[in-house]
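Enquirer: this one's sequence-less:
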C-alpha cells in the first residue's frame, strides 16, 4: 500500500513541473492566441540561467534567489521578444506567429551550446531539500514534496491574480473577446506584453526548478514542448485549472502505467489526448471556441486561377526545371528531387490548411504511411517499383480516411492537436512494432529500379509527379468542390445553410491531402533507399507547416515557393555549417518580420499595389487594399 | 509564375555543385558524417580526435605522399539528412570513402547507401549488431566494439555476482532493446539460476525518473542492469541516490565509465557500478601516452571516448588508403580485410569475416575521487575475446 501512495506522490511531483510550464503556455494562448512554440526554449533558458546563477552564488539565498532571478531574467528576454518580434505580427494570419516562435526555438538551441558548451551540466541540489523522508520503508525525496506543494501555490496565486485584480479582469476579458476589450479603450499592447512576460516567467521558473533533479542540456526544450502542448489541450485551452488537472492526470497515468506496460511512456500523453478530444472536443475544462472572426485562409485578394500568360510562364518554368539534368551534377539532381518531393508534401498540407482552413500538426503521418506503404510492398511483397509507387500511397489514404473522420469533428487548435496525436500514435507503432517495421532501425534497401535509378531519371520522375500533383490540387481549388471547401472554411454556418455538408467536404479534403502526402512519402522512400519512423515524426510535420507559412498561407502557390526556399536553404545550411539551426532560425525570424504575409503573400500585395496605382479602376483597388472581415 | 522560382533554386544548386567538383589529384579526400548539432557532447571531442589524426598523418608525409583532407558534414540526427550528406560527399566532393556516424539508425542508413552506391564506409560509433551482422554488407566496416561485445564484457563480470534477481532499465529504442536482449541471453547462459524480475523502458531522452526508480525498487531486485546514458542517466542516478535504489544492490551499466557520461555526474557518481568506459587518467601504455600528450598539447583539454573514436577512425582510414594505394572501393575492401594497425588501446585488426574491428573497451568500477566520478580497477578487454565463434558469425551475416 505504501508503495502505491509513494508512486502517487512521485506522479504528483512530475505533474508539478509540467503544470508550471503548461500554465504559462495556456495563459499566453488564451489572451494572445499565439501558439508559442518557443515556450520550451524559455523553459530551457530558465534552467541554463539558473544553473549559472546557482553555481556563482552559493548558500540557501544564492540558490533560491538564483532560481527566481533566473526566471525574471528570462521573463525580460520574453518581453523583448514580444515587443521586438511578436508585436509586428499580431495581425498576420493566425499561426503565422508559430513560424516566428519556431525560428526563435531553432536559434536558442544552437545559442545555448555556444554559450554554455556542449556538455550536460549538473546543477546543485536545493539547500534543505537534499535527502528523502522515510514512509513505511519507501523513500520520498523532500524536493518532490516541495514541488508537490508549489504547484497548488502557483495555481492559487494565478487564481487570485485573475479573479481579484483589475489586470486579471482585463486578461479574462481579452481571453473571451479581444476586439471588445480593445474597443473599450484598454491598451492591448501592454496587456499582451505583460501576459507574455508572465507566461515566460512561469516557463522559466519551471525550468529553473528542474536543476536539482535533471541535467541541463540543449535538448530540454524539445523534450517538454510537445508534452506541454498536449497537457494544455487536454485541460482545455486557456483554462489554468484544466492545465493542472491534465498535468496530474497524465503524470499519474504514466507513474502507474509503467508498472503494467513499461513501454507505455512513449505514447501515453498522446493516447490520453486522442481519447479526451474525441469524447470532449474542447478538452476537459475548455469551452467551445467562439466562432473565429478571422480564419487562417481568409485572403485579402480573392483567389483566381492563373491567367493564360501566367500559365505559359508556369509551363516555361517547368520546362526550364526539367532541363536541370543537362547542366547539373548528380548531387544537385538528388537535392532537386528532394525539393520536388517536399513541394508535393507542402502543397498537400497547404490544400488542407489554406483551402480547407484545417491546420494539421501531424501531416507527416500520411507522408510516412506512404513511405512505409512502399517499403512493405517493395520489400515484403516484392512488387515492382511502379506498382509500389502507385499502391503505397493508399496506406496514406487509408490513414487519412480513418483519422480524418475523427479529426474533422473538431476545429482550430483542437483539430491541429488531434492530428498531432494521431501522427504520434502512428509513429509509435512504427517505432515499437520491430518485427514488421524494423523499429527505429527502419526498413533498408528500398532502392528504385534501373529505369529510375539514375539521378536524372529520378529527378524527372519527382518533378513530373510534383507538377501533376500541384496542378491537380489547383484544379480542385477552383472546382465546385474547392469552392464548397472554401465556404466551410470561411463560414461553416452559412455554408451549411446553403446545403453544403461541411464535415463530409472537410473529410474528403483531408483524404485528398493525406493521399497526396502519401505520394510524396512514397517517392521519398525511393529517394533515400530506406524508411525510418522519422518520416512520421513531429519535426517533419513542423517542417511542412513552416513551408506553407513561409510561402504565405493566404495564397494559392505559397506552398510551392515556401517548400523550395525552405528545403533548399535547409539542405545548403546543414551542408555548410554546424550552426545551421541558428542561421535557419534567424532567417525564418527575418522572413517573418520582412514578409508578414509570407513570401508569395507579400509579392502579391506589392503587385496589386502597383496595379492599383497605374490603373484607376477604383473598384478593384479598394478590393485589394481594404481588409475583408467576415461577419458571423 | 511559380515555376520560375524552381528555376532559380535549381540554378543556384547547379552553380554550387559545379564550383566544388574536381580538385587537385595531390590530395586524398575522406568524407565524414556525424550528428554534430544534435549530440555536441559526444561529437565535439570526436571532432578534435579526428583533427589530431589528420594533423599527424599529414605531418608524417600524408598518405603515400598525398595530403589527407577530411570533408565533414552534419546529419542533424536524421537518417534522411545523413543520406543527403553522403550523396554530397560522394557525388560532389568525390571522397575516397565515407566515415563517421553515431546513431545506429543513421549508421545503417549510410551503410545501406554505401552498399547501393558501391562506396567504402567505415562506421565509427554506431553500436548496433545489425551493421556488421544481420544487415551487414561488403562495403561497410565498423570500428567500435559492438553492443554484443560490450554486453559480453559486462556479463563476464556480472556472472560473478551472487545476485539472482535482476531488473533492467534501458532506453526504449533499438540500442536499449538489443543491449538488454544480448545481456539477458548471455547472462542466462552462464547463470541459469537468474530470474528477471522487472524491466523499465523509458523513452530515450525523456525519462520520468521518479516513477521508474520506484517501480524498479518495488520489484526488489538484487542487481540492476542500466543502459541509459546522457541526461537520462543523470536523472536516473539522482533519483536513485535520493530514493536509495542503489543501496545494497549491484549495478551493471553500459558506457557509464565514458567521460562523456561519467563526468556530468560529478559528486553524485554512484560507487561500485560495473561499467564499460574509458579511464584516460589510468591507462599507462606507450601507445596511449603518446596520444594523450599530443591531444592535451593541441587542445588543452582531456580526451573523451569520442576523441579516441574520432582519432582512430581517421587513422584507420589513412592506413586503409595507404595499404590499398588506391581509392577504388574493391581495393579498399581487400586492403581492410585482415588489416592490423596500432591504436591508443593497442593493436587492432579489421576482421575479414564480419568487418568488425577488434578494438576493445575498458571494464572497471565507478568510484568517487575528489568530488568527481572515476573508473577504478579498470582492465582492457580485447575485442577478439568477446566475439562469437566464426561459425556463429557466418550464420548471423548474410552472404555477400
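Expert: Sure thing, it's come through. Please read all numbers here as calculations on a predicted model, not as lab measurements.
Enquirer: How many residues are close by residue A:89?
Expert: Counted with other C-beta atoms under 10 Å in any protein chain shown, residues neighbouring residue A:89 total 17. From N, CA and C alone the C-beta is placed, and that goes for glycine too.
Enquirer: and the nearest residue to it once chain neighbours are set aside, what is it in contact with?
Expert: Of all residues not flanking residue A:89 in the chain, residue A:596 sits nearest, at 5.3 Å (C-beta to C-beta, 6 or more residues apart in numbering or on different chains). Contacts for residue A:596 (C-beta atoms under 8 Å, 6 or more residues apart in numbering or on different chains) come out as A:88, A:89, A:91, A:92, A:96, A:602.
Enquirer: how much space between residue A:596 and residue A:24?
Expert: To residue A:24, residue A:596 is 25 Å away according to C-beta to C-beta, to the nearest Å.
Enquirer: from the stretch 301-400 of chain B, which residue is nearest to chain A?
Expert: Per C-beta to the nearest C-beta, residue B:304 is where the stretch 301-400 of chain B lies closest to chain A, at 9.4 Å.
Enquirer: Need the pLDDT of that residue.
Expert: Looking at residue B:304, its pLDDT reads 95.
Enquirer: Can you name the residue of chain A nearest chain B?
Expert: Per C-beta to the nearest C-beta, residue A:317 is where chain A lies closest to chain B, at 2.0 Å.
Enquirer: so how many other residues sit close to that residue?
Expert: By the measure other C-beta under 10 Å, the count of residues near residue A:317 is 20.
Enquirer: Okay, and it sits in which element?
Expert: Using DSSP states H and E, residue A:317 sits in helix A:308-322.
Enquirer: Can you give me the buried ones in that helix?
Expert: A:313, A:314, A:317, A:318, A:320, A:321, A:322 (16 or more other C-beta atoms under 10 Å in any protein chain shown).
Enquirer: and the stretch 201-350 of chain A, which residues reach chain B?
Expert: A:212-215, A:217-219, A:223, A:251, A:254-255, A:258-259, A:262-263, A:265-266, A:306, A:310, A:313-318, A:320-321, A:324, A:327-332, A:334-336, A:338-339, A:343 (C-beta under 8 Å from any C-beta of the partner chain).
Enquirer: thinking again about what came up before, do I have it right that the residue of the stretch 301-400 of chain B closest to chain A meets residue B:257?
Expert: No. Using C-beta atoms under 8 Å, residue B:304 is not in contact with residue B:257, being 11.3 Å away.
Enquirer: Return every residue with contacts to both of those two.
Expert: Common neighbours of residue B:304 and residue B:257, using C-beta under 8 Å, 6+ apart, are residue B:278.
Enquirer: show me the contacts for residue 167.
Expert: No chain in the question, so chain A it is. A:161, A:191, A:194.
Enquirer: you looked at the wrong chain, it should be chain B
Expert: Going by C-beta under 8 Å, 6+ apart, the list of residues near residue B:167 reads B:196, B:197, B:198, B:199, B:200, B:216, B:219, B:221, B:223, B:224, B:225.
Enquirer: what's downstream of the helix or strand containing residue A:79, the next helix or strand?
Expert: Using DSSP H and E, residue A:79 sits in helix A:59-84. Using DSSP H and E, the helix or strand that follows helix A:59-84 in sequence is helix A:96-116.
Enquirer: model confidence over that following helix, on average?
Expert: Here the average pLDDT along helix A:96-116 is 91.
Enquirer: same deal with stretch A:550-570?
Expert: On average, stretch A:550-570 scores 89.
Enquirer: so how far is that stretch off the chain centroid?
Expert: 16 Å (C-alpha atoms, centre = their mean, to the nearest Å).
Enquirer: list the buried ones in stretch A:404-414?
Expert: Counting neighbours by 16+ other C-beta under 10 Å, stretch A:404-414 gives A:404, A:406, A:407, A:408, A:409, A:410, A:411, A:412, A:413, A:414 as buried.
Enquirer: same question, stretch B:271-279
Expert: So for stretch B:271-279, counting by 16+ other C-beta under 10 Å, buried means B:273, B:274, B:275, B:276, B:277, B:278, B:279.
Enquirer: near chain A at all, it?
Expert: No. Applying C-beta under 8 Å from any C-beta, one finds stretch B:271-279 separated from chain A by no less than 15.4 Å.
Enquirer: wait, residue B:382 sits on residue B:358?
Expert: Yes. Taking C-beta under 8 Å as the definition, residue B:382 is a contact partner of residue B:358 at 6.4 Å.
Enquirer: more crowded one of these two?
Expert: Neighbour totals were compared for residue B:382 and residue B:358, and residue B:358 leads with 21 against 18 (other C-beta under 10 Å).
Enquirer: Grab the nearest non-local neighbour of the more buried one.
Expert: Using C-beta to C-beta, 6+ apart, the closest residue to residue B:358 is residue B:383 (3.8 Å).
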